[in-house]
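Engineer: A predicted structure for the sequence below; I have some questions about it.
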Amino acid sequence: MASHKKFKIKDFPKLLWEAAKIWNANDPFRLGAVVAYYAVLSLPGLLLIIINLVGFIWGEEIVQGQITEQITEAIGKSAADSVVTIIDNSQTDGRTVFASIIGIAVLIFGSTGVFYHLQISMNEIWHVKVNPDVGFWKVLRDRAMSLAFVMAIAFLLIVSFVVSTALTFLTGYLSNIWEPAYVIVAQSAEFLLTTLILGFLFVAIFRYMPDMKIKWNTVWLGGFMTAILFNLGKILLSFYFGKSEPGSVYGAAGSVILLLLWVSYSCLILFYGAAFCRVYAETYGSKTHPNEYAMVVSEKEVIVEKGKPEKEEKSESG
């Protein structure tokens, strides 16, 4: 129901608990596994588009090096080397013009796959389904929006590089004055910077991904809360992957398994943030409505047959 209540800090634990119940009811592990699968398939196109867009300003080698460094910190060097191999194998050098155009089209379609299926997962959390009569135009629109998110990530990376450059000069200056200040400022600034950038990205995802009419004031808190949880989760996951090495038992496929695990675990945080936004919207925001091509559904389980003890079955059959 719509509500005009004002948010109070004391209500925060209750919101977290209600979000946890919605999160658990929507089988987040299954949703995370689905998105992780399509994330691996989308990885070549996604990385190439981002590297080319951001590399146009900063240089492709610098951008690729930054991405490799981030992946190394998150899930290890072997996975980062595999990503570099994927990027090299996806290059279009030496192809004909027609083959290059087809390759670019396939990359764009592939790079948007992860966001398309992320939208499907978000819809499940909001209990909204697309009208089956909409057809091809809805799919085309969703792919265009997914490409817009890829462009948004590229823009945020550009902003990140600009601020990181400024922070490098600042921390370098502080290290000459007081050495411990370099470590303190660098780590704190990196955490705040990534939280801020991720916060804006998550706010946009929670606002535009579901096929619901959602107002901005209902997603800001959830977006930045998710960014904080995501950064803390990244630290814990890097520690976990570094100590336990879960991909080592899979041999040559270990790098792919690590990518799947990392994306899957990260999606658990993302889906919790989406559930929190839903609870916040239902508690404090105005009433949400599905888009013109979607509908909110309520599914109920109907018991068709109950199992019986073996003794009862034998007596009935005898």
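Structural biologist: Yes, it's here.
Engineer: from residue 295, how far out is residue 16?
Structural biologist: 29 Å (C-beta to C-beta, to the nearest Å). Every residue, glycine included, has its C-beta placed from N, CA and C.
Engineer: residue 237 too?
Structural biologist: Counting by C-beta to C-beta, the gap from residue 237 to residue 295 is 37 Å.
Engineer: out of the two, which sits in the more crowded spot?
Structural biologist: residue 237 (18 against 14; other C-beta atoms under 10 Å).
Engineer: and that one, that one's in a helix?
Structural biologist: Yes: assessed with DSSP: H, G, I helix; E, B strand; the rest coil, residue 237 lies in a helix.
Engineer: now do the strands in the stretch 1-150 of the chain.
Structural biologist: Counting by DSSP state E, counting those that start in this stretch, one finds strands in the stretch 1-150 of the chain at the ranges 128-130.
Engineer: point out where it drops to low pLDDT.
Structural biologist: 1-4, 89-111, 135-136, 138-139 (pLDDT under 70).
Engineer: do a quick rundown of the helices in the stretch 151-300 of the chain.
Structural biologist: 179-208, 220-244, 254-283 (DSSP state H, counting those that start in this stretch).
Engineer: where in the stretch 201-318 of the chain is pLDDT low?
Structural biologist: Checking the stretch 201-318 of the chain against pLDDT under 70 turns up 242-253, 285-286, 307-308, 310-318.
Engineer: ok so, going back, tell me which of the helices of the stretch 151-300 of the chain sits most buried.
Structural biologist: Among the helices of the stretch 151-300 of the chain, the stretch with the highest mean neighbour count (mean count of other C-beta atoms under 10 Å) is helix 254-283, at a mean of 22.
Engineer: could you check the angle that one makes with helix 220-244?
Structural biologist: With axes from the mean of the first three to the mean of the last three C-alpha atoms, to 10 degrees as the basis, helix 254-283 and helix 220-244 are set at 160 degrees to each other.
Engineer: residue numbering should commence at 47 henceforth.
Structural biologist: Shifting the count to begin at 47 puts that one at helix 300-329.
Engineer: check which helices and strands helix 300-329 is in contact with.
Structural biologist: In terms of contacts (3 or more C-beta pairs under 8 Å, 6 or more residues apart in numbering; DSSP states H and E), helix 300-329 is packed against helix 58-71, helix 74-104, helix 106-121, helix 123-135, helix 159-172, helix 225-254, helix 266-290.
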